[in-house]
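Engineer: need coordinates for the below:
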Amino acid sequence: MELQITNTAIDKNGNVDLSQINTLELQKYDSIVNSIDEQNPNSIISFGSELQNSLANQSDSFLNNVRKSNSGEVGELINKLLIELNYVDVDELEGSSVKKFFKKLPFFKNMVTSVETLFVKYDKIVNNISDISNKVNAGIITSTKDNAVLQTIFTNNIDSVSKIEEYIIAGTIKQQKSNEELAVMDSNPDNYQDYQISDKRDFINRLDRRLADLKVVRFIILQSLPQIRLIQSNNISIAEKAQTILTTTLPVWKNQLTLAVAMHRQQQNIEVQKKVSSTTEEILRKNAQRLQQNTVDVAKANEQTIVSMDTLRETTNSLINTLTEVKQIQQQGAQSRQQLDVELKKLEDTLKKQIQNS
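Structural biologist: Just a heads-up that it's a prediction; the model follows:
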């Protein structure tokens, strides 16, 4: 949304084109121009301050109204309403949930789901929904009131923009005159004291900063106009959504819940029959599998010998390997003893020779 320009002499950035203002129009700014006193340092500070204070008071007043209103609760109330609507889970009425319910019951005679309990829950929810619906209706009314206040602020902001533009134009006129006076002083410095030229230049700078501030305020106010419209539109959307839930969603939900309970009762009977059939089939299937496996295992056991050939072959090979290894060890021991005798004989001869020669 583009910013609205209320005065052709000022563009969207707040820049003033005095050539767009005729002589008669310029006269109406004389009182504002004359309110700027170059000799008074506070003159520029207070320039346009009354208008800014008025805007601040207007904003404070609106904020106080917002604090006291309940329009902000509408969204929260709608969320509570949706929570209540979701509290009765349709899955409670589905076959899968019934199966889980069956597993928790010791006997089939206790298999009937407590529809009475479901309706007790339903009655409690209906009461909660009625209470929330009343609050939602109150919130819708408050949103409408908020929009009326916002509309007043919108209108006041447009008027404020026009007044600020008058100050900006008047300040620009004063700034232009002061620049012309400064140009004369700069071109004839001998006719003026140095401080006069300096004061004039300082005044122009301070006035320029003040005009910049007023331009910013004007821009912010212009920016607030589409923002106010968006807030008003959101309030309307919230109210419409809440109204739709109250007048359309709730009746449909109650109607569908009734149908769901009726279908649930039908499903119960079907599930009982399915449960009995599936249980019987499962028992027959598992018994047939066990009988087949047991018969095969018995037949295999009867056809086997006490000791299998693989076992006899393994034990025989192990015994042969053991005897062969023992025989090898004995042969190696005999050879070691013979070698020992030879070595001992050599040592003995060596010892005798040594004794004889000593």
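
Engineer: can we go C-alpha only for contacts and neighbour counts from here?
Structural biologist: OK.

Engineer: wait, doesn't Ala242 sit right on Val136?
Structural biologist: Yes: the pair formed by Ala242 and Val136 meets the contact definition of Cα atoms under 8 Å, at 6.9 Å.

Engineer: look at Asp349 and tell me its secondary structure.
Structural biologist: In terms of secondary structure, Asp349 is helix; the call rests on DSSP: H, G, I helix; E, B strand; the rest coil.

Engineer: can you list the domains in this protein?
Structural biologist: For the chain, the structural domains run 18-278, 312-353, going by automatic domain parsing.

Engineer: number of nearby residues for Gln175?
Structural biologist: Summarising burial for Gln175: neighbours were counted as other Cα atoms under 10 Å, giving 19.

Engineer: do I have it right that it meets Asp202?
Structural biologist: No: applying Cα under 8 Å, one finds Gln175 not in contact with Asp202, separated by 11.6 Å.

Engineer: just say which of the domains of the chain is most tucked in.
Structural biologist: Mean neighbours per residue, mean count of other Cα atoms under 10 Å, is largest over the domains of the chain for domain 18-278, with a mean of 15.

Engineer: which strands or helices does the strand or helix carrying Gln273 pack on?
Structural biologist: Take DSSP states H and E as the rule and Gln273 turns out to sit in helix 250-303. Under the contact definition 3 or more Cα pairs under 8 Å, 6 or more residues apart in numbering; DSSP states H and E, helix 250-303 sits against helix 95-103.

Engineer: right, and the helix or strand after the helix it packs on?
Structural biologist: Once the chain leaves helix 95-103, the following helix or strand, as judged by DSSP H and E, is helix 115-187.

Engineer: what angle sits between whichever helix or strand comes after that following helix and helix 250-303?
Structural biologist: Scanning forward in sequence from helix 115-187, with DSSP H and E defining helices and strands, the next element found is helix 194-244. Our comparison of helix 194-244 with helix 250-303, counting by axes from the mean of the first three to the mean of the last three Cα atoms, to 10 degrees, yields an angle of 70 degrees.

Engineer: distance from helix 194-244 to the middle of the chain?
Structural biologist: Between the centre of helix 194-244 and the centre of its host chain there is 32 Å, according to Cα atoms, centre = their mean, to the nearest Å.

Engineer: same check on stretch 276-296?
Structural biologist: Mean-position distance between stretch 276-296 and its chain equals 53 Å (Cα atoms, centre = their mean).

Engineer: mean confidence score for it?
Structural biologist: The average of the pLDDT scores along stretch 276-296 is 82.

Engineer: again with stretch 45-61
Structural biologist: Computed over stretch 45-61, the mean pLDDT rounds to 72.
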